[in-house]
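*Asks:* attaching a predicted model along with its sequence, questions to come.
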Amino acid sequence: MMASGYNAKEEDGHPPSASNNGGAGVVKSKKPDNTAFKQQRLPAWQPILTAGTVLPAFFVIGLIFIPIGIGLYVTSNNIKEYEIDYTGADPNDTCYNCSQNFTWNSTTPCVCSVPFTLAQPFESNVFMYYGLSNFYQNHRRYVKSRDDSQLNGDLSALKNPSKECEPYRTSGAVPIAPCGAIANSLFNDTLELFSIDSDGNRSAVPLVKKGIAWWTDKHVKFRNPGGNDNLTIAFKDTSKPVNWRKPVFEMDTDPENNGFINEDFIVWMRTAALPTFRKLYRIIQKKPSGTPTLASGRYVLDITYNYPVRSFDGRKRMILSTISWMGGKNPFLGIAYITVGSICFFLGVVLLIIHHKYDTRNNSADIQG
C-alpha cells in the first residue's frame with residue numbers, strides 16, 4: 001500500500017521543513033488559513049433580480065404607501081391650529097414699544113395685548129405653545145453648557161458646577177444654580193388668554209401648567225437637592241443665573257413645581273434641533289359638558305414681555321393647537337409617503353412597459369433563430 005503524500009500543513013501554508021528543521025530561517029507564509037471564513041466558503045444567499053420579483057415589489061410599495069400617506073395627510077390637515085406672532089417688529093404692532101425698549105437689564109416688565117378671533121371652535125384638549133425663530137439651541141457649545149449632575153440634585157455639583165457651564169458657572173465666587181447658557185436663556189414671557197363675550201367682558205381661560213414635561217424628565221433627570229421640603233435652605237450659598245429675575249427656589253408657589261422640577265424650566269432644558277421651534281407652554285383642558293374647549297369668537301392674549309429677541313433678529317409666536325393620534329400638525333410625513341409611493345408606482349409602470357417591449361423582441365428573435 002502506498003502512503004499518501006498529503007500534508008494538512010502544506011495546504012494551510014506551512015511547508016514541511018518548518019517543523020523538521022526547528023523553524024530556523026523559515027519565512028512565514030501569507031496564505032490565509034484553510035477555514036470556511038477566511039477562504040470565503042460560508043453559506044450565502046444572493047437574490048436574483050428579475051422582472052417577476054422587481055415589478056411586483058414596486059407596485060406593492062406604491063399601493064401601500066400612497067393610502068398611508070393620504071391618511072396621514074388628511075389627519076394632519078384636520079388638526080386645528082392658530083398662530084400669533086407677537087414679536088412687535090412692525091410699528092403698528094401692539095407689542096412694538098415692548099420690543100424696542102425692553103432689554104435683559106430692564107427692571108420694569110412691559111405688558112402688551114394682542115386681540116384675535118377664532119373662526120372655528122377648538123374641540124378636545126387644546127395645547128398652547130410658544131415659538132421662537134432664529135434661536136440656535138443646537139449650537140455645540142450651547143448644548144454642552146449645563147451640569148446634569150447639578151440638575152439631578154447632586155450636592156457636590158450644586159456647590160462646584162461643571163466647567164462646561166462657563167461663563168455661567170459662578171457669579172464671583174458663588175456657584176450659579178442652575179448653571180450654564182441653556183438655563184441662563186430660559187424663556188420667561190408670561191402668556192394669559194382671555195375670551196371676550198358680546199358685551200366686551202373678559203373671562204380668563206384656565207391654563208394648566210403641570211403635565212407639560214416628559215415624565216422621565218420630571219421624575220428621573222431633574223431633582224431638587226435634599227428633596228422639596230425647604231428649597232431656600234437647599235439652595236443656600238448659590239446665585240441665580242445672570243438673566244433671571246428671581247432665584248430658582250422662587251419659580252412657583254407649588255412645592256411640586258418649584259426649583260429644578262419646575263416644568264417650564266424642564267421643557268426649556270430639552271434643547272431643540274432646529275433654529276425655529278416651539279415648546280409646550282400650557283394645556284387648556286376640554287370641558288366635560290361637551291361644549292367646545294375654545295368656542296369661536298373674540299379673544300385677547302395678554303403678554304408680559306420679558307424675553308427680548310431683537311438682538312439676534314428672532315421672532316416670538318404663540319400657537320394654539322389640537323392634536324390627533326399622530327401628534328401635532330405635520331403634513332411632511334404624509335407628503336413623504338405619497339411621494340415615495342407615487343415614485344415606486346411610476347417606476348413599476350415604466351419598467352413594466354420596457355420589460356414587455358424588449359421581452360417580446362427577444363422571444364421573436366429566439367423563434368426566428
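*Replies:* Here it is on my side, so go on.
*Asks:* roughly how far is stretch 87-104 from the heart of the chain?
*Replies:* Stretch 87-104 has its C-alpha centroid displaced from the chain centroid by 30 Å (CA atoms, centre = their mean, to the nearest Å).
*Asks:* quick one: contacts of that stretch?
*Replies:* Outside stretch 87-104, the residues within contact range by CB atoms under 8 Å, 6 or more residues apart in numbering are 86, 110-114, 243, 303, 305-306, 308-310, 314-317. C-beta coordinates here come from the backbone N, C-alpha and C atoms, glycine included.
*Asks:* out of the residues you listed, which sit inside helices?
*Replies:* Using DSSP state H, no member of the contacts of stretch 87-104 sits in helices.
*Asks:* now do Ser324 against Asp154, distance only.
*Replies:* According to CB to CB, to the nearest Å, Ser324 stands 40 Å off from Asp154.
*Asks:* got it, and Pro121?
*Replies:* 48 Å.
*Asks:* which stretches of the stretch 101-250 of the chain form strands?
*Replies:* With strands called from DSSP state E, counting those that start in this stretch, the stretch 101-250 of the chain shows them at 110-118, 126-133, 170-171, 174-175, 190-196, 202-204.
*Asks:* of the ones you listed, which stretch is the most buried?
*Replies:* With neighbours defined by mean count of other CB atoms under 10 Å, none of the strands of the stretch 101-250 of the chain is more surrounded on average than strand 126-133, at a mean of 20.
*Asks:* I'd like to know how many residues surround the residue lying closest to Ala177 once chain neighbours are set aside.
*Replies:* Distances taken as CB to CB, 6 or more residues apart in numbering place Thr238 nearest to Ala177, at 4.0 Å, with adjacent residues excluded. Number of residues near Thr238 (other CB atoms under 10 Å) recorded here: 22.
*Asks:* now Thr238: how far from Pro225?
*Replies:* In this structure, Thr238 lies at 9 Å from Pro225, with CB to CB as the measure.
*Asks:* who touches both of the two?
*Replies:* Leu158.
*Asks:* distance check, the residue lying closest to Asn224 once chain neighbours are set aside against Ala213.
*Replies:* In this structure, Asn224 finds its nearest non-sequential neighbour in Gly259, 4.2 Å apart by CB to CB, 6+ apart. Relative to Ala213, Gly259 is positioned 13 Å away (CB to CB).
*Asks:* the more surrounded of these two?
*Replies:* Set side by side, Gly259 and Ala213 give different neighbour counts by other CB under 10 Å, the larger being at Gly259 (26 against 23).
*Asks:* what pLDDT is listed against the more buried one?
*Replies:* If you check Gly259, the pLDDT there is 93.
*Asks:* the one 10 residues further on now?
*Replies:* With respect to pLDDT, Met269 has a value of 96.
*Asks:* ok, it - contacts?
*Replies:* With contact set as CB under 8 Å, 6+ apart, Met269 has these partners: 146, 151, 182-183, 217, 222.
*Asks:* go on, Asp189?
*Replies:* By CB under 8 Å, 6+ apart, the contact set of Asp189 is 130, 303-307, 316.
*Asks:* how about 10 Å then?
*Replies:* With contacts taken as CB atoms under 10 Å, 6 or more residues apart in numbering, Asp189 has the following neighbours: 86, 98, 109, 130, 281, 303-307, 309, 316, 318.
*Asks:* mind checking which of the residues you listed land in strands?
*Replies:* 130, 281, 303-305, 316, 318 (DSSP state E).
*Asks:* now those residues in JSON lines, with distance to Glu263 and pLDDT?
*Replies:* Below are the ones in strands among the contacts of Asp189 laid out as JSON lines (distance: CB to CB, whole Å; pLDDT from 0 to 100):
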{"residue": "Tyr130", "distance to Glu263": "14", "pLDDT": "97"}
{"residue": "Tyr281", "distance to Glu263": "10", "pLDDT": "97"}
{"residue": "Ile303", "distance to Glu263": "20", "pLDDT": "95"}
{"residue": "Thr304", "distance to Glu263": "18", "pLDDT": "94"}
{"residue": "Tyr305", "distance to Glu263": "22", "pLDDT": "93"}
{"residue": "Lys316", "distance to Glu263": "20", "pLDDT": "96"}
{"residue": "Met318", "distance to Glu263": "18", "pLDDT": "96"}
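*Asks:* so, low pLDDT: which residues of the stretch 51-200 of the chain?
*Replies:* Nowhere does the stretch 51-200 of the chain drop to pLDDT under 70.
*Asks:* repeat that with 90
*Replies:* Counting by pLDDT under 90, the low-confidence segments of the stretch 51-200 of the chain come to 51-53, 89-92, 99-109, 123-124, 172, 198-200.
*Asks:* you'd agree Ile233 is up against Phe249?
*Replies:* Yes: A contact is recorded between Ile233 and Phe249 when judged using CB atoms under 10 Å, the distance being 9.2 Å.
*Asks:* who has more neighbours out of those two?
*Replies:* The residue with more neighbours, out of Ile233 and Phe249, is Phe249; 23 against 10, by other CB under 10 Å.
*Asks:* against Leu158, how distant is that one?
*Replies:* In terms of CB to CB, Phe249 sits 12 Å off from Leu158.
*Asks:* please apply the same query to Ala336.
*Replies:* For Ala336 relative to Leu158 (CB to CB), the value is 46 Å.
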